[in-house]
Structure formats: C-alpha cells, structure tokens
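> what's the 3D shape of this:
(3 chains)
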Amino acid sequence: MKKINSVHNMKQFFEQDTVSLAKNLLGKLILVKKNNELLGGYIVETEAYLGVVDRACHGFEGKLTPKVEALFGKAGTVYIYTMHTHKMLNIVSCEEGNPQAVLIRGIEPVINIERMIENRGKEGILISNGPGKLTKAMGIGDMFNKSKICEITKKFHKVSKKSIYDIENMQENILYIDFENSKIPKNIESSARIGIPNKGIWTEKELRYFVAGNKYVSGMKKSEFKDECWK
DNA sequence: AACACGATTCACT
DNA sequence: GTGAATCGTGTTA
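Purely as a prediction, here's the structure:
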C-alpha cells in the first residue's frame, strides 16, 4: 500500500482518486497571501464530487459551461463557484477533462486569526464553519478561479535556525498548502453531502468527510466537540 | 427578457 | 428546527 498521504509530490497528491483526496485533505494547512499578510487554517471538512456520473456535481454528464471550466482542468486547479452570493472553494482532482473535485467546507483558523475575524465580522466557530464562511474569512474569491494550488516555499532563518515562510516570494491570490505543518485527524467521519436534495442515490451517498469532534465542522453540535481531535 | 433554481447564511422560534 | 434573503447562472423564447 502506497502512503500517498505523505507524498510531497503535488501532482501525485492531487491526482489520487477524489474520495481518497477528500479524506487526505483533512488536516492539511492551507494558506493565502493577502495584502502582504499570510492567513491560514487546517482543513476540517470536505466533500467529494465525482464528475460526469454524479448528479450533484457541476460536471454532471460532461456539461461544460464558461463558469465550470476550471473543474475540467488539471489536478490541483482551484475551482471557485458562486452560490447565493457566497464563494465555494474546490480543488480539482483526476486528469484534465475529468470534472471531479473536492469542496472545502470548513477550516480551523491557525494563522492570522485576527484578520479572519475582521474579514468575517464574526468570531469563534462562525469564522469558518461553512464553505461560504471560510472563503470570506480568507479573502478567497473569483480571482483564485483556475489558479493552481502551490506547495509553500520556505527559507532558513539564520538567527532562530528554523525554516520560516518566504512571504516575499509568495504570490497574492494563490492557494498554498503546507504539508510539513499539517495535522493528522484522530478519526474521520462521513455523511451524506449537505444541501443536495432530489438527486437520487447521489443524495444518499456518504461523500462528506470531516474531522470527528472538530468545532469548525459545519453544523457540529457543541455536545459533540472534542478537545483532542488531532493525533 | 423573463424565469427557475441552487454545493448558503442568518436571524428567528 | 424553520423560513427569508439574495443574485449569478443557464435555459428558453
């Protein structure tokens, strides 16, 4: 069994099958550079959208419209979709032309939480416990559409003798991922996807994955919060 | 040009 | 838990 989760080869990581990618993205630290500052958080909730056969997927039956072009791109392409004025962040999987992707539905804020509170006008779990909320918190919008996710670049800081983020050499409006500083969930739970009624078997399928007990999972009840949800 | 429909969020009860 | 707000997008005429 290949441990693809620990592979730092971006291409291979994002080309794994969509369900595996949805699970393996849990715990990953994603970052953006906004106004010369870094913002970031751990992914805690995802959903898999399985392309031409999936009635709930924007690539169902291969229907290609201008707004979904990014979904047909290469693995690692960012696909932004607008829903009720809210921006949804997806990461495309599979080979070019196969419209499958993982929707990011929740993050645990880690870097620059203050700025995220300001961007959202809310604090606590309301910063990012939903797909439209986390994009607002991180300043992710249409300018990210069709961009490619990048592995973070670091430089060695002589004084502290540590690797630190090389912010000057990062681009704005690009999604970064930091494999080294990511977490491993203790338990992953699954459920049907949210907001997908009347789609036959595709309504029922358990294609939503989340870190058990994490506060930033959408709809997670207070009684189900766990302090220790990472290994 | 008109219409229907959401991969949602928020403010209620 | 329920309902309203809200508007971009694709379809049809």
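> The helix or strand harbouring residue A:89 and DNA strand C, any residue contact?
Assigned by DSSP states H and E, residue A:89 falls within strand A:86-93. No: residues of strand A:86-93 contacting DNA strand C under C-beta under 7 Å from any atom of the strand: none, with a closest distance of 9.1 Å. (C-beta placed from N, C-alpha, C; glycine too.)
> what comes up buried for that strand?
A:87-93 (16 or more other C-beta atoms under 10 Å).
> Same question for stretch A:141-150.
So for stretch A:141-150, counting by 16+ other C-beta under 10 Å, buried means A:144-145, A:147-149.
> State the pair within these that is farthest apart.
A:145 and A:149 (12.4 Å; C-beta to C-beta).
> what touches both of those two?
Common neighbours of residue A:145 and residue A:149, using C-beta atoms under 8 Å, 6 or more residues apart in numbering, are residue A:78.
> So in that sheet, which strands flank the helix-or-strand element of chain A with minimal mean pLDDT, and in what orientation?
In chain A, no helix or strand scores lower on mean pLDDT, DSSP states H and E than strand A:154-157, which sits at a mean of 89. Strand pairing for strand A:154-157, determined by DSSP bridges: strand A:162-165 (antiparallel).
> Could you pull up the mean pLDDT of the partner strand?
Regarding strand A:162-165, the rounded mean pLDDT is 91.
> so how far is it from its chain's centroid?
Distance of strand A:162-165 from its chain centroid, counting by C-alpha atoms, centre = their mean, to the nearest Å, is 23 Å.
> Contacts for it, please.
A:31, A:38, A:152-157.
> Show me which of those is closest to residue A:221.
residue A:31 (29.1 Å).
> Can you say which helix or strand has that closest one in it?
Assigned by DSSP H and E, residue A:31 belongs to strand A:29-34.
> The helix or strand following that strand packs against which elements?
Note on strand A:29-34: by DSSP H and E, the next helix or strand toward the C-terminus is strand A:37-49. Packing partners of strand A:37-49 (3 or more C-beta pairs under 8 Å, 6 or more residues apart in numbering; DSSP states H and E): helix A:18-24, strand A:29-34, strand A:100-111, helix A:113-120, helix A:131-138, strand A:208-211.
> Return the distance of the shortest one from the chain's centre.
To tie it back to what came earlier, the one meant is strand A:208-211. A distance of 11 Å separates the centroid of the chain from that of strand A:208-211, by C-alpha atoms, centre = their mean.
> Are it and DNA strand B in contact anywhere?
No: on the criterion C-beta under 7 Å from any atom of the strand, strand A:208-211 is out of touch with DNA strand B, staying 10.1 Å away.
> In terms of secondary structure, what does that strand contact?
Applying 3+ C-beta pairs under 8 Å, 6+ apart, one finds that strand A:208-211 contacts strand A:37-49, strand A:100-111, strand A:188-191.
> Between those strands, which one is closest to DNA strand B.
Closest of those to DNA strand B is strand A:100-111, at 3.4 Å (criterion: C-beta to the nearest atom of the strand).
> quick one: is that closest one near DNA strand B?
Yes: Strand A:100-111 reaches DNA strand B (C-beta under 7 Å from any atom of the strand) through A:101, A:103.
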